[in-house]
Every structure is written in structure tokens, then in C-alpha cells.
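Novice: sequence-free structure coming up:
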Ligand SMILES: Nc1ncnc2c1ncn2[C@@H]1O[C@H](COP(=O)(O)OP(=O)(O)O)[C@@H](O)[C@H]1O
Ligand SMILES: [Mg+2]
């Protein structure tokens, strides 16, 4: 089982979209995949059309050690894809966790005995205890980067956080890749940002780029991954391509 945190401290950069669509594309090639929704807003749960869950039957209960993860895993309508939904209660978890022992390894412990090929953690923005738990529980991280003017701002801070997690609680944490999202081919800014990011980070950047595509946001509002909404859309095609590249990197041990 590989656990992958989809993380960037900024909101609105494509974390949830990437989690849902990469997970769906992997389930489509017969991988057994779990999404853990750790954002109190619950976008990856609603983006998969999941009904609202109550209090503890959620990632909140799991993080606080009050329920077993296996008891709150829900099947989605995508074959092979499962989810642990979040609730708004999760917003309080930062404070509640702070008062507990093992506060940085709650999630790691909770996910340790599950049986999946991949677990994707849809992270909230910021660098709070929830995200420290995410980074501690993960083998790999994927960093979605929105192609906009301030894209690179904050990356240094993210890499510093990763480094400090590595040197303290999770020495094996790898950066699986930086993913350029919401790329606009008609816009010079997107191209400039791509060149910048590739020259800074080289091979860490996925070759696959996710274009800005209205089908992606439309799909989310219907509670569907874009791959099921419109498989011919540029958004669907690029997430399928990302899954292929991700699996290629996995088999090369990257
Ligand atoms: N490639 C894309 N093209 C168009 N809209 C996108 C794309 N990726 C994400 N979006 C939309 O942008 C918004 C923010 O994306 P989201 O994945 O929720 O970001 P995050 O989880 O980082 O906050 C959502 O409304 C989503 O539907
Ligand atoms: Mg999100």
C-alpha cells in the first residue's frame, strides 16, 4: 500500500480535483484506491457525489482515534474507489489534536492496517497538525501548482516543511511530483511559469500538464470525476495521462 498526500498550503490550486481524478483513473485500471478527505470543506466527498456523513463517521473520527478507519470507509459508484468523507467538525480537530499524545502520528496509525493499492489524502490548505499528520502518514506527496502569477510563492516554505518532517518523523517521505494545473495554452503567463518551474525543479515536475478545462469544474458540480463526465475532454485525457505517468514513476521507484 502506498499513501500519497496531495498537498499545497494554498487553496484553490487543484488538490481536490487532482485527488479525485487521479484516484478515479487508477481505479479504472483495476487499482484499489481510497481517498481520505481531510479538508473540513469536504470537496472530495461531494465531488464524488457522496452523501453527507455525521460527526465521528468521518475522517474527523479517524484522526481523533474514535472510530476505526475500516468502519467508516464508503464505497463510491466508481468501481474500486472508496472514500473516507470529512465533516465540518474537522475544523476543530487541529485544536483537539493538539491536546493529545501522538498528535503527529494519529493518521499514520489509523491507516496502517488497511488493504488498498493506493491511499490518496486530500489535504486542507495550511501547515497545521492535520497536514503534519498527512505528511507523516505518506510515502509520497504530489504538489499541484496553479499556473498563475504567484505560483512559486510559498513553495520554499512547503519544501522546508517537507524537509523538517523528513528529519524528524518520516525520513522516507518522497516528493512524487509537482503538477502544473489550470494551464492555459493561449496565455503567455502559463508558458513562462512552466519554464520557470521546470528550470527550478527539473524532473520533479510531471511531464503531464493539466489544462484549464471547464468540463473539470462542471463535473465537480455534478458530483462526478471528469473522466466519467466527459472522457473526451482535455481535462479527462490529461488526468488519464497523469495516471500513466504516475504509475511509470512508481515502477521506477521514483
Ligand atoms: N484544470 C482545471 N480547469 C478548470 N477548473 C479547475 C481545474 N482544476 C480545478 N478547477 C476548479 O478550480 C477550483 C479549485 O480547485 P480544487 O481542486 O478544489 O482546489 P483545492 O483543493 O486546491 O482548493 C474548483 O472549483 C475546481 O473545480
Ligand atoms: Mg480542496
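Specialist: Thanks, I have the structure now. Since this is a predicted model, take the numbers as computed values, not measurements. Residues are numbered from 1 along each chain as shown. Ligands and ions are numbered 1, 2, ... in the order given.
Novice: For residue 126, what are phi and psi?
Specialist: Torsion angles at residue 126 (phi, psi; degrees, to the nearest 10) stand at phi 90, psi -180.
Novice: so what's it closest to, chain neighbours aside?
Specialist: residue 9 (5.5 Å; C-beta to C-beta, 6 or more residues apart in numbering). For glycine as for every other residue, the C-beta is placed from the backbone atoms N, C-alpha and C.
Novice: Please report the distance of residue 36 from ligand 1.
Specialist: 14 Å (C-beta to the nearest ligand atom, to the nearest Å).
Novice: thinking again about what came up before, next up, the contacts around the residue nearest to residue 126.
Specialist: Going by C-beta atoms under 8 Å, 6 or more residues apart in numbering, residue 9 touches 125, 126, 127, 131, 154, 157, 158.
Novice: With secondary structure added, can I get those in JSON lines?
Specialist: Output for the contacts of residue 9, formatted as JSON lines (DSSP: H, G, I helix; E, B strand; the rest coil):
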{"residue": "125", "secondary structure": "coil"}
{"residue": "126", "secondary structure": "coil"}
{"residue": "127", "secondary structure": "coil"}
{"residue": "131", "secondary structure": "helix"}
{"residue": "154", "secondary structure": "coil"}
{"residue": "157", "secondary structure": "helix"}
{"residue": "158", "secondary structure": "helix"}
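Novice: Sort those residues by pLDDT and name the bottom one.
Specialist: pLDDT across those is lowest for residue 154, at 88.
Novice: any idea how far it lies from ligand 1?
Specialist: From residue 154 over to ligand 1 the distance is 12 Å, taken as C-beta to the nearest ligand atom.
Novice: Thought residue 7 was touching that residue, still the case?
Specialist: No. Counting by C-beta atoms under 8 Å, residue 154 does not reach residue 7; the two are 11.5 Å apart.
Novice: quick one: which of the contacts of residue 9 is most hemmed in?
Specialist: residue 131 (22 neighbours; other C-beta atoms under 10 Å).
Novice: residues contacting it?
Specialist: Contacts of residue 131 (C-beta under 8 Å, 6+ apart): 5, 7, 9, 38, 123, 124.
Novice: For residue 118, give me phi and psi.
Specialist: Residue torsions, per degrees, to the nearest 10, at residue 118 are phi -140, psi 140.
Novice: roughly how far apart are the residue nearest to it when sequence neighbours are not counted and residue 76?
Specialist: Spatial nearest neighbour of residue 118, chain neighbours left out: residue 33 (4.9 Å); criterion: C-beta to C-beta, 6+ apart. To residue 76, residue 33 is 10 Å away according to C-beta to C-beta, to the nearest Å.
Novice: can you check residue 36 too?
Specialist: 13 Å.
Novice: who touches both of these two?
Specialist: residue 83.
Novice: need the next SSE after the helix or strand hosting residue 163, C-terminal direction.
Specialist: Assigned by DSSP states H and E, residue 163 belongs to helix 155-168. Using DSSP H and E, the next helix or strand after helix 155-168 towards the C-terminus is strand 174-183.
Novice: neighbouring contacts of the next helix or strand after that next one?
Specialist: The helix or strand immediately downstream of strand 174-183 is helix 188-201, counting by DSSP H and E. Helix 188-201 has contacts (C-beta under 8 Å, 6+ apart) with 145, 147, 148, 149, 151, 152, 178, 180, 183, 184, 205, 209.
Novice: What is the neighbour count of the second one?
Specialist: So that's residue 147. Neighbours of residue 147 (other C-beta under 10 Å): 24.
Novice: what sits against it?
Specialist: Going by C-beta under 8 Å, 6+ apart, residue 147 touches 180, 181, 182, 183, 184, 187, 189, 190, 193, 194.
Novice: Share the number of residues neighbouring the closest residue to it other than its chain neighbours, please.
Specialist: Excluding the flanking residues, the one nearest residue 147 by C-beta to C-beta, 6+ apart is residue 190, at 4.3 Å. Using other C-beta under 10 Å, residue 190 is surrounded by 21 other residues.
Novice: Just give me the longest helix of this protein.
Specialist: The single longest helix within the chain, with elements called by DSSP state H, is helix 234-251.
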